[in-house]
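Undergrad: Give me the fold of what follows.
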Amino acid sequence: MRRVRFLYAILIAVLVSFYILYIDYLPLVMLCVALVIPVLMWLGTIWLHFTTDCSLSVQSDSCRAGDAVPVTITVRNRSPLFCARADAVLRLHHGFGSVDESLQLRFPIRQHNSTRMTFQIRAAYCGEITVKLKRLTAFDLLLLTSTRIRRQMAAVKLTVLPRPVLIPLEETAPPADHPDSEKFADHPGDDPSEVFGIREYQPGDAVSRMHWKLSSRSDTMYVKEFSAPIEKNCVILCEYHYPTAKRPDLQDAQAFLTLVYSLACEIISRGHICEICWCNGSAGEAVRALPESEEAIIPVFREMLDHLRHMDADEGKLLSQIGGTACASATVITNHPDSILPEFAAARITANQRNVLLIAEESVQMQLPPDTDYQCILARNPHVDHLIV
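TA: Residues are numbered from 1 along each chain as shown. Have a look, this model is predicted:
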């Protein structure tokens, strides 16, 4: 653009010199036209500024690592002016690794129409990606003047889920020694006829469990907890010890999130009830999620990403949420060799089978509680040979 303006200034100087040397109508007309054209172009860009807007959209707000996701810039031009060139500058921020990337696109804008420019982004690691349209600049035909296009929706967020790994499950845990287990052994899932608890609504809870009467009487939303066949209930206890550095170890974090997501998907696909629990240190509370389908795991995964930096286990917080739970299996997924979760699960959770998935180097050994039936699996890659639920 600077080069065009410089060349146009030389043209004006040549026309002025030509008029001074040859005082005539033709050089005067040419000089006037050369002076009027930039003004007309400037007025055209002003018109374009007030009659055009743009927005950013994504076809899906979630994808899996390695998949290409189309992102679209939509420009709505309500003026009769055609723009031969528009430059878009975007910033891609991957919150998982705090990585920023810039992207520049160039395309024309049609008159009296909507112009769509679609590009694809691909993430190698799971996490949350924010795509932000920093600016969209439209130029006139001669590239002498420009204007910023107004943005209606300038940013979109995309949740990148891990690509699941195969976790061989062996359903050999004996029936839990609990009266509810025999009572509801023939039910494939919850038994709606028996309500044994009411608690506050948490993200990921099914709308069908809402206690509408109680919720309407207060400012808090409540859900019902139904009786369930205990031998179908699997608890996943999660802990991620954030390193002292500002960024997490990408291999550790990727393995941790991949195992949580893969195990939850596998448990749900087999018709089991999956409870995912962790501590949110920033809010000082324990989080308990019960996704009922693979789609319901997505909001749980988003919440886990938000809490990843403050996910150290706290026995008091966990006790208030899942203390005394009876289940078929309790699986601990952690990257901290000195985690309190195995001992907590052994003392507070009645489970027939307990597993520990340690996200660490093979040289790291975990001290398990004595006289427990834990099987410890080192799964940094992640690679799981055998898991009993």
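Undergrad: When you work out contacts or count neighbours from here on, use the C-alpha atoms and nothing else.
TA: Will do.
Undergrad: Tell me where the model's unsure across the stretch 151-300 of the chain.
TA: The model of the stretch 151-300 of the chain has pLDDT under 70 over residues 171-197, 204, 206, 208-209, 224-231, 244-248.
Undergrad: Can you show me the strands along it?
TA: Using DSSP state E, counting those that start in this stretch, the strands of the stretch 151-300 of the chain run over 155-161, 169-170, 191-200, 222-227, 233-239, 273-280, 285-289.
Undergrad: Turn those strands into JSON lines, columns for mean neighbour count and distance to residue 304.
TA: Listed next are those as JSON lines, based on neighbours: other CA atoms under 10 Å; distance: least, CA to CA, whole Å:
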{"stretch": "strand 155-161", "mean neighbour count": "21", "distance to residue 304": "12"}
{"stretch": "strand 169-170", "mean neighbour count": "13", "distance to residue 304": "24"}
{"stretch": "strand 191-200", "mean neighbour count": "12", "distance to residue 304": "19"}
{"stretch": "strand 222-227", "mean neighbour count": "19", "distance to residue 304": "21"}
{"stretch": "strand 233-239", "mean neighbour count": "24", "distance to residue 304": "9"}
{"stretch": "strand 273-280", "mean neighbour count": "24", "distance to residue 304": "8"}
{"stretch": "strand 285-289", "mean neighbour count": "20", "distance to residue 304": "9"}
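Undergrad: Between the ones you listed, which one is closest to residue 342.
TA: strand 233-239 (9.0 Å; CA to CA).
Undergrad: How far off centre is that closest one?
TA: 21 Å (CA atoms, centre = their mean, to the nearest Å).
Undergrad: Same check on stretch 89-99?
TA: With CA atoms, centre = their mean, you get 12 Å for stretch 89-99.
Undergrad: Residue 234 bridge partners, please.
TA: For residue 234, the beta-bridge partners are residue 274, residue 329 (DSSP bridges).
Undergrad: from what I can see it touches residue 274, true?
TA: Yes - counting by CA atoms under 8 Å, residue 274 is a contact partner of residue 234 at 5.0 Å.
Undergrad: Now for these two: what residues contact both?
TA: Both residue 234 and residue 274 are contacted by residue 267, under the criterion CA atoms under 8 Å, 6 or more residues apart in numbering.
Undergrad: Centre of the chain to stretch 59-67, how far?
TA: Counting by CA atoms, centre = their mean, stretch 59-67 comes out at 9 Å from the chain centroid.
Undergrad: Also stretch 36-51?
TA: 41 Å.
Undergrad: Quick one: mean pLDDT for that stretch?
TA: Per-residue pLDDT over stretch 36-51 has a mean of 90.
Undergrad: Which positions within it qualify as buried?
TA: 38, 41, 42, 44, 45, 47, 48, 49, 51 (16 or more other CA atoms under 10 Å).
Undergrad: same question, stretch 340-358
TA: Buried, per 16+ other CA under 10 Å, within stretch 340-358: 340-346, 348-358.
Undergrad: returning to what we had before: as TSV, the strands of the stretch 151-300 of the chain with distance to residue 55 would be great.
TA: Converted to TSV, the strands of the stretch 151-300 of the chain look like this (distance: least, CA to CA, whole Å):
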stretch	distance to residue 55
strand 155-161	8
strand 169-170	46
strand 191-200	37
strand 222-227	37
strand 233-239	38
strand 273-280	35
strand 285-289	34
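Undergrad: C-terminal to the lengthiest helix in the chain, what's the next element?
TA: Looking across the chain with DSSP state H, the single longest helix is helix 25-51. Moving toward the C-terminus from helix 25-51, the next helix or strand (DSSP states H and E) is strand 52-58.
Undergrad: Just the CA atoms of that following strand, as PDB, please.
TA: Output in PDB follows, covering the C-alpha atoms of strand 52-58 (Å, rounded to 0.1, in the frame of the first residue of the first chain):
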ATOM      1  CA  THR A  52     -20.300  -4.000   6.000                       C
ATOM      2  CA  ASP A  53     -19.700  -6.200   9.000                       C
ATOM      3  CA  CYS A  54     -18.000  -9.600   9.500                       C
ATOM      4  CA  SER A  55     -18.200 -12.500  11.900                       C
ATOM      5  CA  LEU A  56     -16.300 -15.700  12.700                       C
ATOM      6  CA  SER A  57     -17.900 -19.100  13.000                       C
ATOM      7  CA  VAL A  58     -16.900 -22.800  13.400                       C
END
